[in-house]
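Colleague: I need the structure of the sequence given here:
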Amino acid sequence: MENIQTKLINKSKEAFCMAIELYNKPTIKYRAEGFALFICNAWELMLKAHMLNTMGETSIYHKDNPHRTLSLENCIQKVFTNNKDPLRINLEKIIELRNTSTHFITEEYEMIYVPLFQSCVLNYNEKMLKFHNEDMTQVVPQNFLTLSVSMKALSEAEIIAKYPEEIASKLLVTNETIADMIVTNNDKFAIKIEHHHYITKDKDKATSFVGIDNSSDTKVKIVKELKDPNVTHKYSTTSCVAEISARLNRMGITVKCNTIPTRFNNYHFNLFCKYYGIKENPKLCYQHQLTHTYGYSIQTIDFIVEEIKKDPDNIVQHLKEYLSKEKNKLTPGAKEF
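Modeller: Residues are numbered from 1 along each chain as shown. Here you go, the predicted structure:
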């Protein structure tokens, strides 16, 4: 007779397979919430089996109600005690999506959450092997653990046109929040998925073919630069500061203010924006129409890092002093980009 741990593990594996199969079906529009539901169920059952093995029979029940088992949120807190663990944060965000989907969901959530879903799948496989010596690649072929991804990017203009303001705003804010978290966490939180297309003359290397029809009435333009601000200006202030700080740290550069070593922060970032007129430069900054938030390009990060490298001991203080004297000047140090 199977013990309860074995039953939990078997049901967990079945829920995991359901999540994978559902997500990889191209005909289902609202597969994000279905995936979130089944993957959360898979994790909860797997963690409860682990808790029974390591913490005892009463560990999966509420102390004040021994007939009621713990929620997935409770299990995560007991097993993954570090609340800054990217794996734990990943699960908590997917739980939020699962809870949202019982009330309201749009198909665009898939575009926002798929990097988290991919990490969640691999994290589950890793913990199932570690906790229960069960290799999910023996249940699901390895190639199926890579989720099928929508090629369509999230478009702010389309979202604004498609949904009422409240819904559109929620979607765009969620997208920005997740994007910030991807920058500041590792691949246990999210695996970023990017598609790059290149033109080649070698037919053997081509995956699709294009040509020019001289009889067509429609003229063709070659786009050499991406124009979607969600792609070109995807960094928020928070993610810019995090990336700049990380780069400076890797280079062993410490910013000083009044001769005191300090970590690069939002205040310093805003000094650069004001002094160099970054928010007025469309190559560096874009203001989103609905949320009125600012998005920055990778060029912004590159530029600020290069400026700091020139004089890390004094640049912040120089910007601060200059701006305090020249409050009425918008872009005193504007540069060409």
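
Colleague: Point out where the stretch 51-200 of the chain drops to low pLDDT.
Modeller: Confidence mapping of the stretch 51-200 of the chain against pLDDT under 70 gives the ranges 101-106, 149-154, 193-198.

Colleague: Run through the strands of it in chain order.
Modeller: Along the stretch 51-200 of the chain, the stretches classed as strands by DSSP state E, counting those that start in this stretch are 61-62, 65-69.

Colleague: now the ones you listed as CSV including mean neighbour count?
Modeller: In this view, the C-beta of every residue, glycine as well, is placed from N, C-alpha and C. Output for the strands of the stretch 51-200 of the chain, formatted as CSV (neighbours: other CB atoms under 10 Å):
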stretch, mean neighbour count
strand 61-62, 14
strand 65-69, 9
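
Colleague: Now distance to residue 183 too, for those, in a markdown table please.
Modeller: Listed next are the strands of the stretch 51-200 of the chain as a markdown table, based on distance: least, CB to CB, whole Å:
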| stretch | distance to residue 183 |
| --- | --- |
| strand 61-62 | 37 |
| strand 65-69 | 36 |
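
Colleague: Out of those strands, which is closest to residue 7?
Modeller: Taking CB to CB, strand 65-69 is the member of those nearest to residue 7, at 13.5 Å.

Colleague: and residue 117, which of the strands of the stretch 51-200 of the chain is closest to it?
Modeller: Using CB to CB, the strands of the stretch 51-200 of the chain put strand 65-69 closest to residue 117, at 25.4 Å.

Colleague: Adjacent strands (with direction) for the closest one?
Modeller: Strand 65-69 sits in its sheet next to strand 61-62 (antiparallel), going by DSSP bridges.

Colleague: what's the closest of the strands of the stretch 51-200 of the chain to residue 40?
Modeller: strand 65-69 (14.3 Å).

Colleague: next one: the closest one to chain centre, how far?
Modeller: Centroid separation between strand 65-69 and its chain, computed with CA atoms, centre = their mean, to the nearest Å, is 36 Å.

Colleague: what sits up against that strand?
Modeller: For strand 65-69, contacts defined as CB atoms under 8 Å, 6 or more residues apart in numbering pick out 48, 58, 60, 61, 62.

Colleague: Pick out whichever of the residues you listed sits closest to residue 311.
Modeller: residue 48 (56.5 Å).

Colleague: What's the separation between that closest one and residue 5?
Modeller: 9 Å (CB to CB, to the nearest Å).

Colleague: same thing with residue 155?
Modeller: Applying CB to CB to residue 155 and residue 5 gives a distance of 47 Å.

Colleague: since we're on residue 205, how many residues are nearby?
Modeller: 8 (other CB atoms under 10 Å).

Colleague: Sketch out the helices for the stretch 201-337 of the chain, chain order is fine.
Modeller: Remark: helices assigned in the stretch 201-337 of the chain by DSSP state H, counting those that start in this stretch are 229-232, 237-250, 266-276, 298-310, 315-325.

Colleague: What is the second one packed up against?
Modeller: For helix 237-250, the contact count by 3 or more CB pairs under 8 Å, 6 or more residues apart in numbering; DSSP states H and E identifies helix 165-184, helix 266-276, strand 294-296, helix 298-310 as packing neighbours.

Colleague: give me every residue that touches the residue nearest to residue 55 when sequence neighbours are not counted.
Modeller: Of all residues not flanking residue 55 in the chain, residue 78 sits nearest, at 7.4 Å (CB to CB, 6 or more residues apart in numbering). Counting by CB under 8 Å, 6+ apart, residue 78 touches 51, 55, 59, 70.

Colleague: Let me know the distance separating the first one from residue 192.
Modeller: For residue 51, the distance to residue 192 under the criterion CB to CB works out to 32 Å.

Colleague: of the two, who's got more company?
Modeller: residue 51 (22 against 12).

Colleague: give the contact list for the most far-flung residue of the chain relative to its centre.
Modeller: Centroid-distance maximum for the chain: residue 215 at 44.5 Å, with CA atoms, centre = their mean. Contact analysis of residue 215 by CB under 8 Å, 6+ apart lists nothing.

Colleague: so what pLDDT did residue 214 get?
Modeller: pLDDT for residue 214: 70.

Colleague: tell me, how many neighbours does it end up with?
Modeller: 4.

Colleague: cool, and residue 57?
Modeller: Residue 57 has 9 neighbours, counted by other CB under 10 Å.

Colleague: Pull up the gap between it and residue 320, please.
Modeller: 61 Å.

Colleague: Residue 327 too?
Modeller: 12 Å.

Colleague: more neighbours, those two?
Modeller: For residue 327 versus residue 320, neighbours defined as other CB under 10 Å are more numerous around residue 320 (16 against 8).

Colleague: Got the domain ranges for this structure?
Modeller: Per automatic domain parsing, the structural domains of the chain span 4-184, 229-325.

Colleague: residues contacting residue 260?
Modeller: Contacts of residue 260 (CB under 8 Å, 6+ apart): none.

Colleague: let's see it at 10 Å
Modeller: residue 317 (CB atoms under 10 Å, 6 or more residues apart in numbering).

Colleague: What of residue 254?
Modeller: 248, 261, 262, 263, 264, 308, 312, 313.

Colleague: Thanks again, I'm all set now.
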